[in-house]
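*Asks:* Following is a predicted model, sequence given first.
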Amino acid sequence: QAERDRRDPGLVGHRRPSCRVGGGGAVRRRARAPQRGANVVFELAGNGADPAAGAGGCDVALGQMHAADWQGVALSDLIDLRGRDADAAVLVHGLDGTVALPAWKAADDVMIATAMNGATVGDWHGGPLRLVVPGWEGALWMRGVLAVELSADRWTAATAATAATAGGKSTDSLHASRGGRWSHVLAVNSVVTSPSRSTALRPGAARIEGLAWTGAGSVAAVDVTLDGGRHWQAARVTPAGNRGALQRFVLEVRWDGRPLTVASRATDSTGATQAPAGAWALAPARLAGRHVNEIRTWSVGSDGLVIL
């Protein structure tokens, strides 16, 4: 899997920085500024790309993601972005090398996290300082942040340099080929989590439950089918507290014990909807395995368990 989990420390084609906070001790001191918090989905761009993984259920098919409550300081509290060009490059250096963010995103909701689910961010989770970029792919979430600087370069130039160090395999360059736009934003997605391999439906009153997420705003609606897509019903969706949050959905049904073909279809606040099943098999090879958000279908047997 061509995933940029490691960045080349040599994103050095940029010009002399106009503003910088570093090294690690300085960042840690500045990270004591007023704290913010958010529940955010972390997802790698290749999540769900392996067709064979579906045979393991939703936890295997979509296992390259998680959600957590992050607490930390806004990146804009560490480096002054007022009056800066919205497309200027903010460079974040850390254990994985360097990532580039546009100034408009850095000033919006990006944070340097010092705590995860109420505990100090440990080494295993990229501590002691972890870059959190709500709604954007996990390869940008720099581990062990050491320094932050505002480059004199524009973000697109800095990002292209990063793509070049990855041998042209980056999601940036792949998505740029779709009309010239750089895109790190997570696609709208959802999955039914119950019934599952271990959680069975019971005849009578039953609940179809699942998870939905998007990098663009929030999930506005989730529809659920019990018959393989012939008919859809609107599920109840929990509201999102912030952009990039994991949202739950539930549909109350009455089940008569006959087999079902269950799937969910999410639509986000921008109007984007999940891709039909099989859509990514028709995508050009250069796009394969990037932000896959196909509708996933589970067959439920008469025992109420998912058949894999």
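*Replies:* That came in fine, so what should we check first?
*Asks:* Going by C-alpha atoms from here, please, whenever you check contacts or count neighbours.
*Replies:* Fine.
*Asks:* Could I get the full set of helices for the stretch 151-300 of the chain?
*Replies:* 155-165, 171-176 (DSSP state H, counting those that start in this stretch).
*Asks:* least reliable of the ones you listed going by mean pLDDT?
*Replies:* Ranked by mean pLDDT, those bottom out at helix 171-176, with a mean of 41.
*Asks:* Leaving out the residues flanking it, which one is nearest to residue 140?
*Replies:* Residue nearest to residue 140 in three dimensions, not counting chain neighbours: residue 99, with 6.2 Å by Cα to Cα, 6 or more residues apart in numbering.
*Asks:* May I have the phi/psi pair for that neighbour?
*Replies:* phi -120, psi 150 (degrees, to the nearest 10).
*Asks:* now do the one 10 residues further on
*Replies:* For residue 109, the backbone dihedrals (degrees, to the nearest 10) come out as phi -140, psi 10.
*Asks:* ditto for residue 77
*Replies:* phi -80, psi -10.
*Asks:* Tally up the residues packed near it, please.
*Replies:* Residue 77: 17 surrounding residues under other Cα atoms under 10 Å.
*Asks:* go on, the one 4 residues further on?
*Replies:* As a burial measure, the neighbour count of residue 81 was computed by other Cα under 10 Å and equals 19.
*Asks:* and it, what is it in contact with?
*Replies:* Residues near residue 81 by Cα atoms under 8 Å, 6 or more residues apart in numbering: 103, 107.
*Asks:* which intervals of this protein have sub-threshold pLDDT?
*Replies:* Applying pLDDT under 70 to the chain picks out residues 1-34, 51-60, 156-183, 279-289, 308.
*Asks:* From the centroid of it, which residue is nearest?
*Replies:* residue 43 (3.7 Å; Cα atoms, centre = their mean).
*Asks:* Report the separation between that residue and residue 264.
*Replies:* Distance, residue 43 to residue 264, using Cα to Cα, to the nearest Å: 19 Å.
*Asks:* again with residue 148
*Replies:* Taking Cα to Cα, one finds residue 148 at 40 Å from residue 264.
*Asks:* Looking at the two, which is more packed in?
*Replies:* residue 264 (31 against 25).
*Asks:* Who are the contact partners of the closest residue in space to the more buried one that isn't next to it in sequence?
*Replies:* The shortest distance from residue 264 to any non-neighbouring residue, by Cα to Cα, 6+ apart, is to residue 224 (4.5 Å). Applying Cα under 8 Å, 6+ apart to residue 224 gives the contacts 232-235, 251, 262-265.
*Asks:* Of those - the most surrounded one?
*Replies:* Neighbour max across those (other Cα under 10 Å) = residue 264, 31 neighbours.
*Asks:* That concludes my questions; thank you for your assistance.
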